[in-house]
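*Asks:* Fold the following, please.
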Amino acid sequence: MKLWYFKDPLGNFGDDLNPWLWDRLLPGFLDADESEWFVGIGTLLNHRLPVSGVKHVFGSGYGYGSPPDFSKGGYAFHAVRGPATAKLLGLDADTAITDAAVLLARVELSPVERVRGRIGFIPHCVSSRHYDWSTVCRDLGFTYIYAGWDVEIVLQQLRSCELVLCEAMHGAIAADTLRVPWIPVTCYPYIDAFKWNDWLSTLSLSYAPHKVHALYASAQDSSLTQQLKDHAKRTLHAMGLWRPHWTAPGPRQSNSADHAAAVAQLLSASKQRPMLSDASVIDSHINRYLERLEKLRHGSGRHHAAKLAT
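*Replies:* I've put the predicted structure just below:
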């Protein structure tokens, strides 16, 4: 059975958890056999899944495209991220557990001292490519946590904090699982509320992120001509003279006032009441996952999951 997950060439904590976590929970189980696929952590349930072979789904969520085509290959749904994914795909309600990253709680981690007063910020991996958010954290005295770092480094940094501000959803999932209080924030419009609500509903929590000013670094390769074109396009858009077939202007470049606004909003967010799910709920989800993993490991869950589409 081969592991299926999204491989970001620049690294992304949530995706990179897959080989790191499953190799520890299922040692020697996954291989290169593409007749069966193990579909784990991530927003993976869409048209990009492999066509051939049985897809064993353990904790993935729907998003980023059209739903899977159940007429192509087989699907064994052992667990999905949440009830919204289950409903959209027409699965039994029992298939919805929570995001599979909750199983971090069953992996032995090296000791890390939690530093009193330390506040961390983990932006979405794409957000860190728009702007150097470490400079914002430096101005605040916060610990910057880059989602593109190695999994163990991200986990170490998260666990050293007393509080984490999270734009990256799997940063929040890891923090919650490892019992680090956290606060959701959103800086950019591409943050997907569907997947956040899908996960949080399994913890009886809701998604109400604190807004933070989006920041963009100056484009090094943006010529004066392109900058003038972008300015003209924004002016025409503001005047109501925009045409749908025109290409959109590049993002407005951030200045010191934008930077200061983001600093102030992150500081304000850090003073709000943090979130942390009920530990008994987490334990219940973990136990359900472990039972289904054991069935899969020993063969009884191989072809008799919550739903098998052929």
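*Asks:* pull the helix or strand with minimum mean pLDDT from this protein.
*Replies:* strand 308-309 (a mean of 46; mean pLDDT, DSSP states H and E).
*Asks:* can you pull out the helices in the stretch 101-250 of the chain?
*Replies:* 127-130, 133-140, 151-159, 169-177, 193-200, 224-238 (DSSP state H, counting those that start in this stretch).
*Asks:* the longest helix in this protein is where?
*Replies:* helix 279-297 (DSSP state H).
*Asks:* next one: it to chain centre, how far?
*Replies:* Taking CA atoms, centre = their mean, to the nearest Å, one finds helix 279-297 lying 21 Å from the centre of the chain it belongs to.
*Asks:* can you pull the buried residues of that helix?
*Replies:* The neighbour-count check on helix 279-297 (16 or more other CB atoms under 10 Å) flags Ile282, His285, Ile286, Arg288, Tyr289, Arg292, Leu293, Leu296 as buried. For the C-beta atoms, the positions are set from N, CA and C on the backbone; glycine is no exception.
*Asks:* mind giving me CSV with those and columns for pLDDT and distance to Asp176?
*Replies:* Below are those laid out as CSV (pLDDT from 0 to 100; distance: CB to CB, whole Å):
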residue, pLDDT, distance to Asp176
Ile282, 98, 8
His285, 98, 11
Ile286, 98, 12
Arg288, 97, 17
Tyr289, 97, 15
Arg292, 96, 21
Leu293, 94, 20
Leu296, 92, 25
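*Asks:* Out of these, the closest to Trp4 would be?
*Replies:* Nearest to Trp4 among these is Leu296, at 14.7 Å by CB to CB.
*Asks:* how close does Glu34 get to Leu3?
*Replies:* In this view, Glu34 and Leu3 are 11 Å apart by CB to CB, to the nearest Å.
*Asks:* Check Gly148 too.
*Replies:* Separation of Gly148 from Leu3 (CB to CB) stands at 20 Å.
*Asks:* Looking at Glu34 and Leu3, which is more packed in?
*Replies:* Neighbour tally, Glu34 and Leu3, criterion other CB atoms under 10 Å: the higher count belongs to Leu3, 17 against 12.
*Asks:* Quick check: the more buried one touching Glu36?
*Replies:* No. Using CB atoms under 8 Å, Leu3 is not in contact with Glu36; the gap is 10.6 Å.
*Asks:* Report the angle between the longest helix of the chain and helix 169-177.
*Replies:* Interaxial angle of helix 279-297 relative to helix 169-177 (axes from the mean of the first three to the mean of the last three CA atoms, to 10 degrees): 110 degrees.
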